[in-house]
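Novice: Okay, here's the prediction I keep looking at, along with the sequence it came from:
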Amino acid sequence: DGGITQSPKYLFRKEGQNVTLSCEQNLNHDAMYWYRQDPGQGLRLIYYSQIVNDFQKGDIAEGYSVSREKKESFPLTVTSAQKNPTAFYLCASSMGANTEAFFGQGTRLTVV
Amino acid sequence: QKEVEQNSGPLSVPEGAIASLNCTYSDRGSQSFFWYRQYSGKSPELIMSIYSNGDKEDGRFTAQLNKASQYVSLLIRDSQPSDSATYLCAVNTGGGNKLTFGTGTQLKVEL
């Protein structure tokens, strides 16, 4: 069953803690993306990666970090430096540049 | 200027009418354009992609692209209550490696 899997679906974090969101795909896609969505807002790009071991900052990378050690996996770490981390986080993947992207089901992160 | 702009709405149309959603973009080098539908609390779902000037039809959906005017639109014919959602326009920018979204237009189809 091909697709993009994000886990967990809901995540609670205490202030000052780092937390890592998982994103795995079995579509053999080269490109992967992380977005943040706040209530009533569009998607803002955090990081993206076109190939393994390479990634670029998006529009709101401060306070986040990523790695791309495997083609299938693109985990996102929300660090304590991110001042307003409560949001809906979405991972997507695509074949590559200028191709359609497909999304996982998202992770809803809440800071308590 | 935002890279991708949409009217946030809400856009209200009666059931059975045509809904027209619009999007403008700033990167003249963009080559690929997408429309996603997002229901409340869910992740976006791809409904249309368009790569060349003109119209592309898929069922009740028609995407229109005008690269000279940097404008892309989505028409939904015979609108149904189940079409009520937020519609996101997405454009490949930065040489094609970035996928940039607009803020979305909320569509309400009324009985």
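Specialist: Yep, that arrived.
Novice: Mind listing the residues bridging to the residue nearest to the spatial centre of chain A?
Specialist: Using Cα atoms, centre = their mean, the residue of chain A that lies closest to the mean C-alpha position is residue A:34, 3.2 Å off. With DSSP bridges as the criterion, residue A:34 is bridged to residue A:47, residue A:91.
Novice: Please report phi then psi for the closest residue in space to residue A:17 that isn't next to it in sequence.
Specialist: Spatial nearest neighbour of residue A:17, chain neighbours left out: residue A:80 (6.5 Å); criterion: Cβ to Cβ, 6 or more residues apart in numbering or on different chains. Yep, even glycine has a C-beta here, placed from its N, CA and C like the rest. Phi and psi for residue A:80, reported as degrees, to the nearest 10, are phi -70, psi -10.
Novice: list the contacts for residue A:41?
Specialist: Residues in contact with residue A:41, defined by Cβ atoms under 8 Å, 6 or more residues apart in numbering or on different chains, are residue B:103.
Novice: can you check the one 3 residues further on too?
Specialist: With Cβ under 8 Å, 6+ apart as the criterion, the residues that contact residue A:44 are A:35-37, A:58-60, B:101.
Novice: go on, residue A:34?
Specialist: A:23, A:45-48, A:58, A:64, A:66, A:74, A:76, A:89-91.
Novice: Mind putting these into a markdown table with distance to residue B:57, neighbour count and pLDDT?
Specialist: As requested, those are arranged in a markdown table below (distance: Cβ to Cβ, whole Å; neighbours: other Cβ atoms under 10 Å in any protein chain shown; pLDDT from 0 to 100):
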| residue | distance to residue B:57 | neighbour count | pLDDT |
| --- | --- | --- | --- |
| A:23 | 33 | 24 | 98 |
| A:45 | 30 | 23 | 95 |
| A:46 | 34 | 26 | 97 |
| A:47 | 35 | 21 | 97 |
| A:48 | 31 | 26 | 96 |
| A:58 | 33 | 21 | 94 |
| A:64 | 39 | 21 | 97 |
| A:66 | 38 | 22 | 98 |
| A:74 | 34 | 29 | 98 |
| A:76 | 37 | 23 | 98 |
| A:89 | 34 | 22 | 98 |
| A:90 | 28 | 24 | 98 |
| A:91 | 30 | 28 | 98 |
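Novice: Looking at the contacts of residue A:44, which are in strands?
Specialist: Counting by DSSP state E, the contacts of residue A:44 place A:35-37, B:101 in strands.
Novice: neighbours of residue 61, just the number please.
Specialist: The chain I'm using is chain A. Burial of residue A:61 is recorded as 16 neighbouring residues (other Cβ atoms under 10 Å in any protein chain shown).
Novice: try chain B instead
Specialist: Count around residue B:61 with other Cβ under 10 Å applied: 17.
Novice: same check, this time on residue B:56
Specialist: Residue B:56 sits with 15 neighbouring residues when counted by other Cβ under 10 Å.
Novice: can you check residue A:72 too?
Specialist: Count around residue A:72 with other Cβ under 10 Å applied: 18.
Novice: Quick check: it touching residue A:23?
Specialist: No - Residue A:72 is not in contact with residue A:23 according to Cβ atoms under 8 Å; the separation is 9.2 Å.
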